[in-house]
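>>> Provided below for reference: sequence and predicted model.
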Protein chains: 2
Amino acid sequence: MPERTHVTLQDVARAAAVSPATASRVLNGSANVRADLRVRVQDAAGRLAYAPNAHAQALAGASRRTVGVICHDVSDPYFAVIARGIMRVAGDNGLLVMLASTFRDADREVAYVSMLRAQRAPAILLIGSGFEDKAWERALAAELDPYLRGGGRVAVVSRHRSLRVDSVLPENRSGAAALAKALLGMGHRRFAVLAGPRALTTVADRIAGFRDALTGAGVHMSEKDIVECGFTRDGGYEGMIRLIAGGLRATCVFAVTDVMAIGALTALRDNGLSVPGDVSVAGFDDIPIVRDLTPPLTTVALPLEQLGERAMELALRENAGRRSRIVRLAGEVVIRESTGRVRP
Amino acid sequence: MPERTHVTLQDVARAAAVSPATASRVLNGSANVRADLRVRVQDAAGRLAYAPNAHAQALAGASRRTVGVICHDVSDPYFAVIARGIMRVAGDNGLLVMLASTFRDADREVAYVSMLRAQRAPAILLIGSGFEDKAWERALAAELDPYLRGGGRVAVVSRHRSLRVDSVLPENRSGAAALAKALLGMGHRRFAVLAGPRALTTVADRIAGFRDALTGAGVHMSEKDIVECGFTRDGGYEGMIRLIAGGLRATCVFAVTDVMAIGALTALRDNGLSVPGDVSVAGFDDIPIVRDLTPPLTTVALPLEQLGERAMELALRENAGRRSRIVRLAGEVVIRESTGRVRP
DNA sequence: GCAGTTGCAGAAAGCGCTTTCAGAAAGCGC
DNA sequence: GCGCTTTCTGAAAGCGCTTTCTGCAACTGC
């Protein structure tokens, strides 16, 4: 915004015939100012449509009120619900929230962190970052470390390796195990998994938990029953197609996220397979839309909104100790109509 | 971020044994600096993990690179797709995008605009604002006008009354009319509409277009066939419930947004009604998820991503004339399985 | 060899604000 | 009425950067 110039505190002060100092005091509501001067200043400010220059304020030492949240894609419903939780807590604390999508691009993510750091944002939240990639995490750390040293607060939703930051984690492993047990209880013995990129800890944990429970019940699932595919609706669709093409032997398919399960469901429908008649399908996350699918999806309900709330709270609350804090939140299996009992 | 202090340009300059001016020149890549000095400065900056203070930069006249986008709710898929378009164009122009959700709260919206203005953001985009409310629009104008006068750029997706800003509009009226014609072509004669708040121009336009086409074909739709309900999935659900309770006489229900149609579909399912067997359902927007519903939804496909792209482009391109520009984008009827022919 | 260029580094001003700090005015007790 | 405290206001410093502007070398051409 180069061209025209802005109304400054000076202008307001002049118009009100007071010093800039007094004007500043009035506009910040703080100190003692005589009533008539106060009125004159407020008047002038209103008349001139004065807006303080946030940069000047920040530079002069005012506290910042806008926290940054960085995620892969704000349009992912999984994230959208988390964001709502974040905004609730932020709002309660008088903070505004700005969101950014990285589209799983490391450079973009680093650029946003860097920008937030440059802006001296009081806190940065990272929702499910690219921590599984060594180089990515290193680049991120290079921005985050000095930010933290400068007094910035950081909280992360999802696991990371080496960062010295607080985090909140959904209990992926136990959630997936509980789901597997429920499925076993319905009589299923042959399973397939639609896995996202297995390098992601989220994916790895969910698969591990699922498989643990199976193994515990003496049920075997081989590696070729695990289809690695994109972490998206289209990934799930395409993975399911591959499963069908391979001659689907499973009676139950576990998609590691609801979003992928949605794709899987559509792939089944497009191939004339009925759910749960021909095959049962389960997901993970319990994003709101799965209730509106036909059939409604069996899944593991994560307290998504809480995930966001806890993260924001962590970032807000000073960490006295030297260790990074971890909050774990458990999910709960929700059986809906996308899964059914196996006919003996 | 009060406590600890940051590494400043001064520090870097000192470490590199040059003046701050030279350090600045190096770090901004611009002017002529001897190679060895250049190396020394970059070295020092790296070693100290220097991050420029964006506030100081801005104050000293550097150009800002982060545009703000304000919408009702980033988790609304309608908006999410638009946002993707915005970010594409912004990215191509080297800009970062920060998103904010107002949850249809006027105060919050004004607060965000005010913050963006204070931050001297180069552009602000408003996606579907609260312009239908006089007081709201006035409060917004009070922030926007001085922002514009200061050289800020504003673009709006959706209609507004009095703001002197550029806007891009989906052709709601003609889209709804085309949909109605298609539905008439299937033999439908008795319609019901799930309307959002009718004060919203979006809603009003869609209803008007729909009704125009009906009237043109000699089909009457009375006011009591139009159910006003929330602009959300739950609104659609509850509206449909009311319709059913009133003894559904329509053969086809038009929900003014896909999101509402989703709720309607679930309400029908919950009441044992089949779609399109018992009743046809159509929506508007063509958000991605409607392809995954059962049955897939008939709707008017809006070029959502383009809506965002055009808006960003408008905000970027200088408006030479004195009049605000308007870009209109048409939708296209997409027939899917949620609508069927009426049996004679 | 000398004025006139050119290339590059540093000094310093200033962006718009907050915040000491000092001083003026007013109120108090005696 | 005098010194003292208490209010309140304005002057001025300074936050960290960019950007003239000035100045010094090292050139150029005659």
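Sure, I can see it.

>>> any residue of the strand or helix carrying A:Leu265 up close to chain B?
Under the criterion of DSSP states H and E, A:Leu265 resides in helix A:258-270. Yes - using CB under 8 Å from any CB of the partner chain, a contact is recorded between helix A:258-270 and chain B, made by A:262-263, A:265-266, A:269. (Each C-beta comes from the backbone N, C-alpha and C, glycine too.)

>>> Including distance to DNA strand D and pLDDT, could these go into JSON lines?
As requested, the residues of helix A:258-270 next to chain B are exported to JSON lines (distance: CB to the nearest atom of the strand, whole Å; pLDDT from 0 to 100):
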{"residue": "A:Ile262", "distance to DNA strand D": "47", "pLDDT": "98"}
{"residue": "A:Gly263", "distance to DNA strand D": "46", "pLDDT": "98"}
{"residue": "A:Leu265", "distance to DNA strand D": "52", "pLDDT": "98"}
{"residue": "A:Thr266", "distance to DNA strand D": "51", "pLDDT": "97"}
{"residue": "A:Arg269", "distance to DNA strand D": "56", "pLDDT": "96"}
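
>>> Would you reformat these as CSV and include neighbour count?
Supplementary listing: the residues of helix A:258-270 next to chain B in CSV, determined by neighbours: other CB atoms under 10 Å in any protein chain shown:
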residue, neighbour count
A:Ile262, 28
A:Gly263, 25
A:Leu265, 29
A:Thr266, 21
A:Arg269, 16
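
>>> ok, back up a step: after the helix holding A:Leu265, which helix or strand is next?
Criterion used, DSSP H and E; the element after helix A:258-270 is strand A:280-282.

>>> Spell out for me which residue occupies the centre of chain A.
A:Ile127 (3.5 Å; CA atoms, centre = their mean).

>>> what's near enough to touch that one?
A:Ile127 sits next to A:69-72, A:79, A:82-83, A:156-158, A:308, A:311 when contact means CB atoms under 8 Å, 6 or more residues apart in numbering or on different chains.

>>> Could you find the closest non-adjacent residue to it?
Excluding the flanking residues, the one nearest A:Ile127 by CB to CB, 6 or more residues apart in numbering or on different chains is A:Cys71, at 4.0 Å.

>>> for that neighbour, phi and psi?
phi -140, psi 180 (degrees, to the nearest 10).

>>> And the strands in the stretch 1-150 of chain A?
A:66-71, A:96-101, A:123-127 (DSSP state E, counting those that start in this stretch).

>>> Would you mind giving the ones you listed as JSON lines with distance to A:Val110 added?
Below are the strands of the stretch 1-150 of chain A laid out as JSON lines (distance: least, CB to CB, whole Å):
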{"stretch": "strand A:66-71", "distance to A:Val110": "10"}
{"stretch": "strand A:96-101", "distance to A:Val110": "12"}
{"stretch": "strand A:123-127", "distance to A:Val110": "11"}
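
>>> Need the ones you listed in TSV (columns: distance to DNA strand C and mean pLDDT).
As requested, these are exported to TSV (distance: least, CB to the nearest atom of the strand, whole Å; pLDDT from 0 to 100):
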stretch	distance to DNA strand C	mean pLDDT
strand A:66-71	15	94
strand A:96-101	17	90
strand A:123-127	20	95
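
>>> Relative to B:Ala208, which of those is closest?
When the strands of the stretch 1-150 of chain A are compared by CB to CB, strand A:96-101 sits nearest B:Ala208, at 34.3 Å.

>>> For that closest one, enumerate the helices and strands it packs against.
Contact here means 3 or more CB pairs under 8 Å, 6 or more residues apart in numbering or on different chains; DSSP states H and E; on that basis strand A:96-101 packs against strand A:66-71, helix A:77-92, strand B:96-101, helix B:106-118.

>>> tell me the most buried of these?
Highest mean neighbour count among the helices and strands packed on strand A:96-101 (mean count of other CB atoms under 10 Å in any protein chain shown): strand A:66-71, with a mean of 25.

>>> How far does that strand sit from its chain's centre?
10 Å (CA atoms, centre = their mean, to the nearest Å).

>>> Residues in contact with it: which ones?
A:79, A:82-83, A:86, A:90, A:95-102, A:109, A:112-113, A:116, A:119, A:121-129, A:312, A:315, B:98, B:115.

>>> what's the angle from that strand to helix A:77-92?
Here the directions of strand A:66-71 and helix A:77-92 differ by 170 degrees (axes from the mean of the first three to the mean of the last three CA atoms, to 10 degrees).

>>> thinking again about what came up before, closest to B:Glu238 out of the contacts of A:Ile127?
Once CB to CB is applied, the member of these that ends up nearest B:Glu238 is A:Ala83, at 24.7 Å.

>>> Hmm, that closest one is touching B:Ala80, no?
No - A:Ala83 is beyond contact range of B:Ala80, at 11.4 Å (criterion: CB atoms under 8 Å).

>>> any shared contact partners between the two?
Joint contacts of A:Ala83 and B:Ala80 (CB under 8 Å, 6+ apart) are A:74, B:74.

>>> show me what contacts A:His6?
Counted by CB under 8 Å, 6+ apart, A:His6 has contacts A:51, A:53, B:120, B:150.

>>> Let's have the contacts of A:Ile127 in a markdown table, adding distance to DNA strand D.
Converted to a markdown table, those look like this (distance: CB to the nearest atom of the strand, whole Å):
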| residue | distance to DNA strand D |
| --- | --- |
| A:Val69 | 25 |
| A:Ile70 | 22 |
| A:Cys71 | 28 |
| A:His72 | 30 |
| A:Phe79 | 32 |
| A:Ile82 | 33 |
| A:Ala83 | 31 |
| A:Val156 | 26 |
| A:Val157 | 31 |
| A:Ser158 | 31 |
| A:Gly308 | 32 |
| A:Ala311 | 29 |
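
>>> least confident pick among these?
The member of the contacts of A:Ile127 with the lowest pLDDT is A:Ser158, at 84.

>>> one step back: quick one: which of the helices and strands packed on strand A:96-101 is nearest B:Gly236?
helix A:77-92 (16.8 Å).

>>> what comes into contact with the closest one?
A:67, A:69, A:71-74, A:96-97, A:99, A:125, A:127-128, A:157, A:257-259, A:285, A:287-289, A:304-313, A:316, B:73-75, B:77, B:80, B:101, B:103, B:108.

>>> Could you report the separation of A:Glu337 from A:His220?
28 Å (CB to CB, to the nearest Å).

>>> Tell me which of those two has more neighbours.
Ranked by neighbour count (other CB atoms under 10 Å in any protein chain shown), A:Glu337 and A:His220 place A:Glu337 first, with 14 against 11.

>>> Quick check: the more buried one touching A:Thr299?
No - applying CB under 8 Å, one finds A:Glu337 not in contact with A:Thr299, separated by 11.7 Å.

>>> Contact residues of the stretch 101-250 of chain A facing chain B?
The stretch 101-250 of chain A comes close to chain B at residues A:101, A:103, A:108, A:111-112, A:114-115, A:117-122, A:142-143, A:145-147, A:149-152, A:233, as judged by CB under 8 Å from any CB.

>>> at 6 Å what do you get?
A:115, A:117-120, A:122, A:146, A:150-152 (CB under 6 Å from any CB of the partner chain).
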